[in-house]
Each structure stands twice: as C-alpha cells, then as structure tokens.
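Engineer: next comes the sequence, and after it the predicted model I'd like to discuss.
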Amino acid sequence: MIDPARVAQRMQHIQPFHVMSLLARAHALHAAGREVVHMEIGEPDFASPAPVIEAGTLALAQGRTHYTPAAGLPALREAIAGWYEHTFGLSVDPARIIVTPGASGALLLALAATLDPGQEVLLSDPGYPANRHFVRLLDAVPVGVAVGAQDRYQLHAAKVREHWGPATRAVMLASPSNPTGTTLDPPEIAEILAFARERGGLVVVDEIYQGLVYDGAPASALALGEDLIVINSFSKYFHMTGWRLGWLVVPPRLVDAVERLAQNVFLSPSAPAQYAALAALAPQTRALLEQRRAAFVERRDYLLPALRDLGFAIPVTPRGAFYIYADCAGLAADSFRFAAELLEREAVAVAPGLDFGEHRAGRHLRFAYTTGLEHLRLGVERIARFLGR
C-alpha cells in the first residue's frame, strides 16, 4: 500500500537552515525583553527607498494588480538593460532579461531549463546553501568543491578543471559571494568560461550583490559574452527583500525555454513589485542607494579589524556583499555551539558555518554587518565579554 504522506526521496538532501533555529531563539529572547544584536541574517536593515514605496503604493491605488507578461513588464526589462548600460557600459538586449519572483525564482528557471537528471553542477564550498538544494530539487547532482583562504574562497579555473567530469553540465560562481564577500575578477571568470566552452558546459554567475562592491571598479560577467547566465536581484543593493523580485539574463537561444518555464511555474512576477522596481532603477534613487553602499563600507571597515583584534582569523578581506567569514578555531572547537552560547549569554546572533557547506564548516562563523554601527559596536563589546577579553 502506498503511503499518501510519504516524503519524496529528494527531500533527504534538502537540509534546513541551521541559523533559523538561532533566529527563532533570538526572537524569543527579544520577546522576553533582551536587546539582541542581529548579525545572522543576510537582509539589509535599511527600509526600501521612499520612491520605491511610493511607486508600489501608486500601482496598488491605480489597480495595477493584474498579471503581467511572464518575462516581466517590457518597461522594466528595458530599464534593467539601461542599468547595465549606465553601471557597466554594457549593451544588453532586453529580450534576454527575464524578471522573476526573487533571485531564487531566477535560479530555478536557469537550472530547470538547462539541467537533466544526473548531470553535475560544480559549486564552491563554502557557498550559498540553496544553490545545491535547487540542483538536488531537479534530480541533478551538486558537486561541492572545497575552497579556502588561498583561493579567496572562490572557484578558479584550476579547481574547475580538476573537478570537471563526464557528467558535469555547469559551474556556478558568485561574485561577490555569500558567505565570504569575496569576488572574482573578470579575467578569472573569463578563464573558467573559456574552459566550460571547450567542454560544452555552462557558466552561471550569481551577481545579486554586484551593486555592493567596495574595492575596485564595478564589473559584470555579461561583458564576457552572451553564452553564460547571470542572476541578479532587487533584494540587496536595491533594498527590496520582501518585494520578492529578481531577474536573470540568458543566452539568446535559451530565451524561449526560460520564458515557457516562467509561464508555467510562476505565470508572472508580482505586478506592484515590478512598478516599484522601476523607481528603484530611476536616477533619483541611485544617489540614496550609493549613500547606503558607503554605509556598508564604513561598517565593514569597523567590524573587520574589530573581529581580528578579538582573535578571529579572517585572512581574506571581503570586497563586497555585507558578510565576514571568520575562522573561530582559535577560540572554540565548534562554531555552532559557539554561536548558540553567544546568543544565550550575550544576545548576539551570528550564523554558523554549518549552513554554508562541509569544508571546515565547524570552525567558521558568518557575521552580517546588516545593522548599524552602534549595534555593531555593542555586539563587539558583548563578544569581547563572552571571550573574557
């Protein structure tokens, strides 16, 4: 007899976010009256910019709540193309841009349109955990490739060559990356792309933190050709996390397949969110976004030396995003236990490395500087006290 409640076998590989249990406990401590310093969740503390809220509110008031084209509003696709032109000096055909429900929706479309069951995808370890889970969801095989400080926690061409096998279909890169905040320079991506072309493979580049690069000129992998997939989002740089809107740029030959998938999987992205996103891309919003980017630089430049002074090993300076990936092996044997005890004793919430892969995960923590300098200073003071400093 078939059990109607039987869970699919693929769910054996879909792991929970361990940080969510810490977040739930943090909320419980807050409800009990304790002031919690949040450095665990990758969500900017800034509210959506006023022009974005106004545009979304106006869209609701005007009844713009109906389905849009599956690939997104034509005006928004053109505006995103204009953003690439203004920011990177790139000419991107709006027809290659597909607007999606968040970057997660973009990743699902990209992988579903290109992967067959059993094919392998190379990913960095550590890396964003949902990437490997999406691969598993499609009955493909994620292959975690261990990267460390000597690699700047990034996949490089030598690593890709070493791990590319007969079943490899694609390699996923992230610049800047979560959880490390490190970046890949265009020549490094170009070398990986050249190898993938030789093998008939695909390169997918996560650029959702691309607007939050602090050192060096901004760049997009789209400058390297039309035969790779780039994913981006309105969540991080544009501060629209709850609006759930992202996009992907695909090779011309994939446009039809991805759009057909979007029609069936999502029907269309949120209409009010798309009208709000038009305001996010407008020139008058850009100045505010750049001010906020400067605030993240200030936070990084405070927190990084402060953590090093406390004994955390951080051999690579993050160049983007809003994360610091710190080795706590000199301070504790188990980073998850460290994070749990730090939360209980000092009400400071950080993410354990266990969420981001297997390679030396138990000795790492991710600190998100998504809260203001005052709270970061308070968090550092409490960590110092926790360590007996």
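Structural biologist: Thanks, I have it.

Engineer: contacting residues around residue 113?
Structural biologist: By C-beta atoms under 8 Å, 6 or more residues apart in numbering, residue 113 lies in contact with 250, 254, 257, 258, 261. (C-beta placed from N, C-alpha, C; glycine too.)

Engineer: correct me, but the second one touches residue 114?
Structural biologist: It stands for residue 254. Yes. In this structure residue 254 lies within contact range of residue 114 using C-beta atoms under 8 Å: 7.2 Å.

Engineer: list residues touching both of the two?
Structural biologist: By C-beta under 8 Å, 6+ apart, residue 254 and residue 114 have these common neighbours: residue 229.

Engineer: would you map the helices across this protein?
Structural biologist: Under the criterion DSSP state H, the chain contains helices at 18-31, 50-61, 74-88, 102-112, 129-137, 157-163, 186-199, 255-265, 271-280, 283-309, 335-346, 373-386.

Engineer: chain center to the fifth one: distance?
Structural biologist: Looking back up the chat, that one is helix 129-137. What separates the centre of helix 129-137 from the centre of its chain is 13 Å, taken as C-alpha atoms, centre = their mean, to the nearest Å.

Engineer: list the buried ones in stretch 141-151?
Structural biologist: By neighbour count, with 16 or more other C-beta atoms under 10 Å as the criterion, the buried positions of stretch 141-151 are 141, 142, 143, 144, 145, 147, 151.

Engineer: ChimeraX command to pick out the buried ones of the contacts of residue 113?
Structural biologist: Applying 16+ other C-beta under 10 Å to these, the buried members can be selected in ChimeraX as follows:
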select :250,254,258,261
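
Engineer: in JSON lines, list the contacts of residue 113 along with distance to residue 228 and pLDDT.
Structural biologist: What follows is the contacts of residue 113, written out as JSON lines (distance: C-beta to C-beta, whole Å; pLDDT from 0 to 100):
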{"residue": "250", "distance to residue 228": "9", "pLDDT": "98"}
{"residue": "254", "distance to residue 228": "10", "pLDDT": "98"}
{"residue": "257", "distance to residue 228": "16", "pLDDT": "98"}
{"residue": "258", "distance to residue 228": "14", "pLDDT": "98"}
{"residue": "261", "distance to residue 228": "18", "pLDDT": "97"}
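
Engineer: just flag the most distant two among the buried residues of stretch 141-151.
Structural biologist: For these, the farthest-apart pair by C-beta to C-beta is 141 and 151; their separation is 22.0 Å.

Engineer: rewinding a little: which of the buried residues of stretch 141-151 fall in strands?
Structural biologist: Members of these lying in strands (criterion: DSSP state E): 141, 142, 143, 144, 145.

Engineer: with distance to residue 374 added, can I get those residues in a markdown table?
Structural biologist: Written out in a markdown table, the entries for these read as follows (distance: C-beta to C-beta, whole Å):
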| residue | distance to residue 374 |
| --- | --- |
| 141 | 46 |
| 142 | 40 |
| 143 | 43 |
| 144 | 38 |
| 145 | 39 |
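
Engineer: which parts of stretch 195-203 are buried?
Structural biologist: Taking 16+ other C-beta under 10 Å as the basis for neighbour counts, the residues of stretch 195-203 that come out buried are 195, 196, 201, 202, 203.

Engineer: quick check: closest non-adjacent residue to residue 122.
Structural biologist: Using C-beta to C-beta, 6 or more residues apart in numbering and skipping the chain neighbours, the partner closest in space to residue 122 is residue 171 (4.3 Å).

Engineer: residue 185 versus the one you found, what's the distance?
Structural biologist: Using C-beta to C-beta, to the nearest Å, we find residue 171 at a distance of 16 Å from residue 185.

Engineer: which one's more surrounded, these two?
Structural biologist: Relative neighbour count places residue 171 above the other of residue 171 and residue 185, with 29 against 13, counting by other C-beta atoms under 10 Å.

Engineer: could I get the buried residues of stretch 141-151 as CSV with distance to residue 45?
Structural biologist: Conversion of these to CSV gives the following (distance: C-beta to C-beta, whole Å):
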residue, distance to residue 45
141, 37
142, 31
143, 35
144, 31
145, 33
147, 29
151, 31
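
Engineer: can you list contacts of stretch 382-389?
Structural biologist: Applying C-beta under 8 Å, 6+ apart, the set of residues contacting stretch 382-389 from outside is 37, 307, 310, 311, 331, 341, 342, 345, 346, 347, 348.

Engineer: just flag the most distant two among those residues.
Structural biologist: Going by C-beta to C-beta, the two entries of these that are most distant from one another are 311 and 347, at 20.5 Å.

Engineer: of these two, who's got more company?
Structural biologist: Neighbours of residue 311 and residue 347, each counted by other C-beta under 10 Å, are more numerous for residue 347; the result is 19 against 15.

Engineer: give the residue spans of this protein that score low on pLDDT.
Structural biologist: For the chain, the stretches with pLDDT under 70 are 1-2.

Engineer: same thing but at 90, please
Structural biologist: Counting by pLDDT under 90, the ranges of the chain that qualify are 1-23, 41-42, 215-218, 389.

Engineer: of the ones in strands among the buried residues of stretch 141-151, which is the nearest to residue 277?
Structural biologist: Closest approach between those and residue 277, by C-beta to C-beta: residue 142, at 30.3 Å.

Engineer: ok, how many other residues are close to residue 271?
Structural biologist: Residue 271 - counted by other C-beta under 10 Å - has 19 other residues nearby.

Engineer: go ahead and confirm it touches residue 56.
Structural biologist: No. In this structure, residue 271 sits apart from residue 56 without contact. The criterion is C-beta under 8 Å, and the distance is 9.9 Å.
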